[in-house]
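*Asks:* My questions concern the predicted model and sequence given below.
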Amino acid sequence: MRTLEDLSTVEIKQKEAQLTGPRGQEVRAVATQPGWRDRYALGLVVIDVVVGLIAASSALVLRFGAGETKSFLINYRLFTFVFPLAWVAILAINRAYESRHLFVGTDEYVRVVRAGIGLTAILAFASFAFDLRLARGYVIIAVPLATLVDVVGRYLYRQTLHRSWARGQRLHRVILVGHARAVADMTQRLRNESHHGLGIIGACLPLGQSGRTEDGMPPIYGSFDSVAQAVRHSGADTVVVLSCPEIDGAALRRLAWQLESDEIDLIVASTLVDVAGDRTTIRPVDGLPMLHVEHPRLKGSTRLVKAAFDRLGAFVLLALLSPVLAVVALLVMFGPGGRGPAIFRQERVGKDGRPFVLYKFRTMVVNAEAKLAELRNLNDTDGELFKMRKDPRVTPVGRWLRRYSLDELPQLLNVLKGDMSLVGPRPPLALEVAGYPADMRRRLVVKPGLTGLWQVSGRSDLSWDESIRLDLTYVENWSLAMDLAILARTVSAVMRSSGAY
């Protein structure tokens with residue numbers, strides 16, 4: 001293996017000029033701008049101030065009217081200008097500007113909601129303790145409006161960052177430290193996900209490993225002893241240490257000391273697979289940091305809340321969409337290429353392996369099941385699920401329904417009946433379940449969903465293994481916040497219609 005000392009200056013500059021970005025594209029290193037995280041946080045402050053001012057001004061107008069000139073309104077006008085500062089302060093107290101809670105995941109939005117609840121409690125306490133006689137209508141409008149608009153504003157602002165990451169801009173410059181196989185696997189996983197913000201610029205491997213036999217390896221900058229040198233030569237700002245026996249606690253501590261002076265981020269990749277951060281807690285025991293892993297939330301009061309949310313949501317959606325459902329049913333029954341019943345019924349496997357009848361708008365010709373055998377060898381997926389990009393059995397109306405996922409809408413009846421949930425793993429066929437290995441049966445411990453994590457992450461464009469991994473990730477890390485995030489992402493996924501066939 002060639003070390004840093006063996007590389008010529010030209011070779012090092014060539015390595016520095018490339019980042020391994022999402023989807024495997026190479027992007028220029030100059031796309032990474034130092035200090036962009038501070039500017040991003042400053043942008044959040046500006047958004048929060050504007051949101052606070054809009055919310056307070058709206059509360060003033062809606063509660064007291066636009067033309068009122070009464071003397072007591074002077075205090076409320078003054079409070080309207082103070083409210084944005086109070087809003088930013090409560091967000092800061094809830095650590096809504098710290099990098100660890102930004103960029104990905106739902107933690108940022110949870111902290112905004114907590115800030116709204118906290119500000120409401122503070123105003124209620126202050127009003128009672130100091131007899132401020134603050135108008136309840138003003139508070140009831142201002143704080144919830146600020147919370148809701150701020151969540152939306154931060155989401156839209158984050159999307160601009162994610163689009164930059166997808167173009168290879170503002171990426172963290174990452175050096176991977178680990179064995180060749182682990183480095184290749186991590187590089188491939190990061191290439192497949194565009195919303196992580198990590199650009200792999202190189203790796204450090206153990207002595208004796210070249211990594212040349214591994215597919216998708218980034219440039220090798222040296223061994224474990226030269227990580228600090230690799231960081232300086234490559235201009236990296238992040239080091240990710242993968243699990244390997246050579247780097248024990250003492251070695252990791254020495255590496256942290258070496259990176260500390262340059263303020264290089266050090267990330268230790270856990271061997272836990274797809275376990276969300278809120279399920280893990282580090283608790284020191286006699287000076288040793290012990291990682292405690294909580295069991296997934298598969299039972300209890302939160303699941304009762306989910307069940308109530310599912311059925312109420314399904315009822316409301318059915319009521320709102322009933323005219324659309326009627327029109328679609330008529331198109332399916334009398335549309336070109338496939339006259340017949342509007343609803344297609346199929347037995348699927350639900351929670352704990354219990355079968356149920358799933359409802360969908362029919363998108364294929366009436367005798368589609370009989371024609372399946374002759375098309376088996378044309379499967380476009382790599383797993384048990386049969387999918388064809390240009391399935392000849394699909395009718396013209398059915399192709400349009402599939403593009404925008406309108407064929408799935410009758411499953412709201414399954415949700416109302418309790419067979420399914422609004423969000424969950426895809427409901428499999430009995431034939432698919434029969435071929436499941438033991439790990440994959442973990443998908444059946446929760447109700448299948450109308451939409452899910454894999455549907456909003458690429459739909460049918462994903463490989464079978466990746467779809468299963470996303471379903472298991474959902475099962476292990478479910479939360480109501482995750483459900484709401486997936487439902488929000490479903491709208492954009494349907495509008496893009498990518499991976500739908």
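*Replies:* Good, I have the coordinates. Because the structure is a prediction, the values reported are computed rather than measured.

*Asks:* Three-state assignment for the most centrally placed residue in the chain, please.
*Replies:* The residue lying closest to the centre of the chain (CA atoms, centre = their mean) is residue 105, at 5.4 Å. Under DSSP: H, G, I helix; E, B strand; the rest coil, the three-state class of residue 105 is coil.

*Asks:* Which phi and psi values does it adopt?
*Replies:* Phi and psi for residue 105, reported as degrees, to the nearest 10, are phi 80, psi 180.

*Asks:* Can you check the pLDDT for it?
*Replies:* We have a pLDDT of 76 for residue 105.

*Asks:* just the strands in the stretch 251-400 of the chain please.
*Replies:* For the stretch 251-400 of the chain, the strands defined by DSSP state E, counting those that start in this stretch occupy 265-268, 280-285, 288-293, 343-349, 355-361.

*Asks:* Residue 414: what's it in contact with?
*Replies:* 356, 358-359, 420, 450 (CB atoms under 8 Å, 6 or more residues apart in numbering). C-beta coordinates here come from the backbone N, C-alpha and C atoms, glycine included.

*Asks:* quick revisit: any idea which of the strands of the stretch 251-400 of the chain gets closest to residue 331?
*Replies:* strand 355-361 (8.8 Å; CB to CB).

*Asks:* Give the other helices and strands that that closest one contacts.
*Replies:* helix 301-334, strand 343-349, helix 411-417 (3 or more CB pairs under 8 Å, 6 or more residues apart in numbering; DSSP states H and E).

*Asks:* where exactly do the helices run in this structure?
*Replies:* 9-16, 36-64, 73-93, 107-129, 136-166, 180-191, 227-234, 249-260, 301-334, 396-403, 411-417, 430-434, 464-477, 480-496 (DSSP state H).

*Asks:* got these as JSON lines, with distance to residue 207 columns?
*Replies:* Shown next, in JSON lines, are the helices of the chain (distance: least, CB to CB, whole Å):
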{"stretch": "helix 9-16", "distance to residue 207": "20"}
{"stretch": "helix 36-64", "distance to residue 207": "35"}
{"stretch": "helix 73-93", "distance to residue 207": "47"}
{"stretch": "helix 107-129", "distance to residue 207": "39"}
{"stretch": "helix 136-166", "distance to residue 207": "34"}
{"stretch": "helix 180-191", "distance to residue 207": "12"}
{"stretch": "helix 227-234", "distance to residue 207": "13"}
{"stretch": "helix 249-260", "distance to residue 207": "14"}
{"stretch": "helix 301-334", "distance to residue 207": "49"}
{"stretch": "helix 396-403", "distance to residue 207": "53"}
{"stretch": "helix 411-417", "distance to residue 207": "56"}
{"stretch": "helix 430-434", "distance to residue 207": "46"}
{"stretch": "helix 464-477", "distance to residue 207": "32"}
{"stretch": "helix 480-496", "distance to residue 207": "42"}
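
*Asks:* closest one to residue 291 among those?
*Replies:* helix 249-260 (12.7 Å).

*Asks:* model confidence over the closest one, on average?
*Replies:* 84.

*Asks:* relative to helix 227-234, how tilted is it?
*Replies:* 30 degrees (axes from the mean of the first three to the mean of the last three CA atoms, to 10 degrees).

*Asks:* which other residues reach helix 249-260?
*Replies:* 177, 224, 227-228, 231, 239, 241, 247, 266, 268.

*Asks:* Now that we have these, can you turn them into JSON lines and tack on distance to residue 481 and neighbour count?
*Replies:* Putting the contacts of helix 249-260 into JSON lines (distance: CB to CB, whole Å; neighbours: other CB atoms under 10 Å) gives the following:
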{"residue": "177", "distance to residue 481": "33", "neighbour count": "30"}
{"residue": "224", "distance to residue 481": "39", "neighbour count": "17"}
{"residue": "227", "distance to residue 481": "36", "neighbour count": "25"}
{"residue": "228", "distance to residue 481": "39", "neighbour count": "20"}
{"residue": "231", "distance to residue 481": "35", "neighbour count": "23"}
{"residue": "239", "distance to residue 481": "30", "neighbour count": "23"}
{"residue": "241", "distance to residue 481": "29", "neighbour count": "21"}
{"residue": "247", "distance to residue 481": "34", "neighbour count": "19"}
{"residue": "266", "distance to residue 481": "28", "neighbour count": "16"}
{"residue": "268", "distance to residue 481": "26", "neighbour count": "14"}
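
*Asks:* Could you single out the nearest of those to residue 424?
*Replies:* Once CB to CB is applied, the member of the contacts of helix 249-260 that ends up nearest residue 424 is residue 268, at 31.7 Å.

*Asks:* and the closest one, how far is that from residue 134?
*Replies:* 48 Å (CB to CB, to the nearest Å).

*Asks:* Chain neighbours aside, what residue packs nearest to residue 332?
*Replies:* Counting by CB to CB, 6 or more residues apart in numbering, residue 342 is the residue found nearest to residue 332 once chain neighbours are left out, at 4.5 Å.

*Asks:* my read: that neighbour touches residue 362, true?
*Replies:* Yes - at 6.4 Å, residue 342 counts as touching residue 362 under the criterion of CB atoms under 8 Å.

*Asks:* and for those two, which residues touch both?
*Replies:* Here residue 342 and residue 362 share the contacting residues residue 332, scored by CB under 8 Å, 6+ apart.

*Asks:* domain ranges for this structure?
*Replies:* 4-32+171-269, 36-166, 301-496 (automatic domain parsing).
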